[in-house]
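*Asks:* Need the 3D shape of this:
(one chain, ligands or ions: 1)
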Amino acid sequence: MSDWVNQVFCEDALSGLARIPDGSIDLILTDPPYNLGKDYGNASDQQSVEAYLAWTEQWIDAAVPKLKPNGSLYIFLTWRFTPEIFVMLKKRMTMMNEIIWDRRVPSMGGSVRSFSSVHDTIGFFANRKDYYFDLDAVRIPYDAATKKARSRSIFIGAKWLEVGYNPKDVWSVSRLHREHPERADHPTQKPLEIIERMVKASCPPGGIVLDPFMGSGTTAIAAKRLGRQYTGFELNPAYCAIIHERLAAPEVPMTGAKKRKAAKAAMATLSTEETS
Ligand SMILES: C[S@@+](CC[C@H](N)C(=O)[O-])C[C@H]1O[C@@H](n2cnc3c(N)ncnc32)[C@H](O)[C@@H]1O
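*Replies:* As a prediction, this is how the structure comes out:
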């Protein structure tokens with residue numbers, strides 16, 4: 001096995017990407033610094049606009065050639081730099097979707113001179129027309145009431161009714177509250193539910209997912225749970241330790257009781273932070 005597969009390196013993505021062979025990655029799934037001034041123990045989120053956009057273009061140029069010809073890329077962003085970064089990516093790949101992640105932020109005040117921002121933008125890009133995409137792996141089952149309403153003879157045996165529907169491009173999934181069982185000590189950790197949907201749809205079983213900005217390692221955890229391989233980088237040694245801890249932890253499926261407790265705790269700690 002290659003020495004970069006199923007490894008997360010505690011190093012700068014720009015130098016680390018050089019160790020990955022071109023054309024070897026099925027899916028790039030990444031959540032880079034948004035340049036909102038967050039403290040990741042480094043200055044990556046606190047750059048001038050010019051420096052941030054130049055750095056973004058630099059890592060995109062280093063990362064995209066790592067994709068296989070039928071590979072694809074998902075990138076988390078906010079409205080602030082989405083237009084500029086989507087244009088960069090559209091020059092290199094084909095844009096398939098703009099997905100809105102509704103973080104389910106409650107209505108509790110917020111901005112007074114503009115509308116409260118409660119979503120992240122996710123760009124989905126493909127290298128080529130025949131990119132890998134497994135819709136059946138991410139279909140959403142119809143509920144019993146919908147199935148019953150479609151019980152007339154013309155619908156009997158309809159494949160779409162049995163297999164469920166294609167997720168739409170607005171994904172409403174709560175951000176991870178402090179009390180959530182998934183939550184690690186990272187300020188912008190993403191929910192596994194979202195990352196796993198991308199991995200299932202866009203990386204074949206056994207394929208390799210690259211995340212140049214691992215944070216708490218959610219992409220690696222999702223890949224491991226779903227029988228895919230992973231590779232990537234994280235600059236902050238404290239986050240690297242979290243990643244290794246999360247990867248080593250035995251997988252404990254959440255029981256109904258635990259889920260209810262987590263939901264209750266989340267309701268109790270709702271806050272109005274602008275971005276997750
Ligand atoms: C938005 S967070 C990723 C969060 C992650 N998706 C999760 O679920 O935990 C971005 C991460 O990129 C890291 N980072 C910033 N610049 C980096 C660089 N040049 N190379 C590697 N990691 C970097 C930051 O330390 C931060 O943890």
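*Asks:* Phi first, then psi, for residue 144.
*Replies:* In terms of degrees, to the nearest 10, the main-chain angles of residue 144 are phi -60, psi -40.
*Asks:* Give me the neighbour count for it.
*Replies:* Summarising burial for residue 144: neighbours were counted as other Cβ atoms under 10 Å, giving 8. Yep, even glycine has a C-beta here, placed from its N, CA and C like the rest.
*Asks:* any idea how far it lies from the ligand?
*Replies:* Distance, residue 144 to the ligand, using Cβ to the nearest ligand atom, to the nearest Å: 34 Å.
*Asks:* do residue 116 as well
*Replies:* With the distance defined as Cβ to the nearest ligand atom, residue 116 ends up 20 Å from the ligand.
*Asks:* what does residue 45 give?
*Replies:* 7 Å.
*Asks:* show me what contacts that residue?
*Replies:* Residue 45 makes contact with 33, 34, 35, 36, 37, 38, 39 under the criterion Cβ atoms under 8 Å, 6 or more residues apart in numbering.
*Asks:* from memory the fifth one sits against residue 46, does it?
*Replies:* Right, residue 37. Yes - applying Cβ atoms under 8 Å, one finds residue 37 in contact with residue 46, separated by 5.4 Å.
*Asks:* who's more crowded, these two?
*Replies:* The residue with more neighbours, out of residue 37 and residue 46, is residue 46; 15 against 9, by other Cβ under 10 Å.
*Asks:* Start and end of stretch 148-159, how far apart?
*Replies:* End-to-end distance of stretch 148-159 (Cα to Cα, to the nearest Å): 15 Å.
*Asks:* Residue 121 pairs with what?
*Replies:* Assessed by DSSP bridges, residue 121 has beta-bridge partners residue 77, residue 100.
*Asks:* so who does it touch?
*Replies:* 76, 77, 78, 79, 82, 98, 99, 100, 101.
*Asks:* Apply 10 Å and report the result again.
*Replies:* With contact set as Cβ atoms under 10 Å, 6 or more residues apart in numbering, residue 121 has these partners: 75-83, 85-86, 98-101.
*Asks:* Now that we have these, which of them are buried?
*Replies:* By neighbour count, with 16 or more other Cβ atoms under 10 Å, the contacts of residue 121 hold 75, 76, 77, 80, 81, 82, 85, 86, 99, 100, 101 as buried.
*Asks:* how about the residues of the chain near the ligand?
*Replies:* By Cβ under 6 Å from any ligand atom, the residues of the chain that approach the ligand are 12-13, 31-33, 40, 42, 44, 186, 188-190, 213, 215-216, 218, 233-236, 239.
*Asks:* same thing but 8 Å
*Replies:* With Cβ under 8 Å from any ligand atom as the criterion, the chain comes near the ligand at residues 11-14, 16, 30-34, 38, 40-42, 44-45, 55, 59, 76, 184, 186-190, 195, 211-219, 233-236, 239.
*Asks:* a markdown table for the buried ones among the contacts of residue 121, including distance to residue 151 and pLDDT?
*Replies:* A markdown table is the format used below for the buried ones among the contacts of residue 121 (distance: Cβ to Cβ, whole Å; pLDDT from 0 to 100):
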| residue | distance to residue 151 | pLDDT |
| --- | --- | --- |
| 75 | 42 | 98 |
| 76 | 40 | 98 |
| 77 | 43 | 98 |
| 80 | 48 | 96 |
| 81 | 48 | 98 |
| 82 | 43 | 98 |
| 85 | 47 | 98 |
| 86 | 43 | 98 |
| 99 | 32 | 98 |
| 100 | 33 | 98 |
| 101 | 34 | 98 |
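*Asks:* from the chain, which residue is nearest to the ligand?
*Replies:* Residue nearest to the ligand within the chain: residue 215 (2.3 Å; Cβ to the nearest ligand atom).
*Asks:* That residue in helix, strand or coil?
*Replies:* With DSSP: H, G, I helix; E, B strand; the rest coil as the basis, the three-state label of residue 215 is coil.
*Asks:* Contacts only, for the closest residue to it other than its chain neighbours.
*Replies:* The spatially closest residue to residue 215, leaving aside those adjacent along the chain, is residue 186, at 5.2 Å (Cβ to Cβ, 6 or more residues apart in numbering). With contacts taken as Cβ under 10 Å, 6+ apart, residue 186 has the following neighbours: 40, 176, 214-218, 234, 236, 238-239, 242-243, 246.
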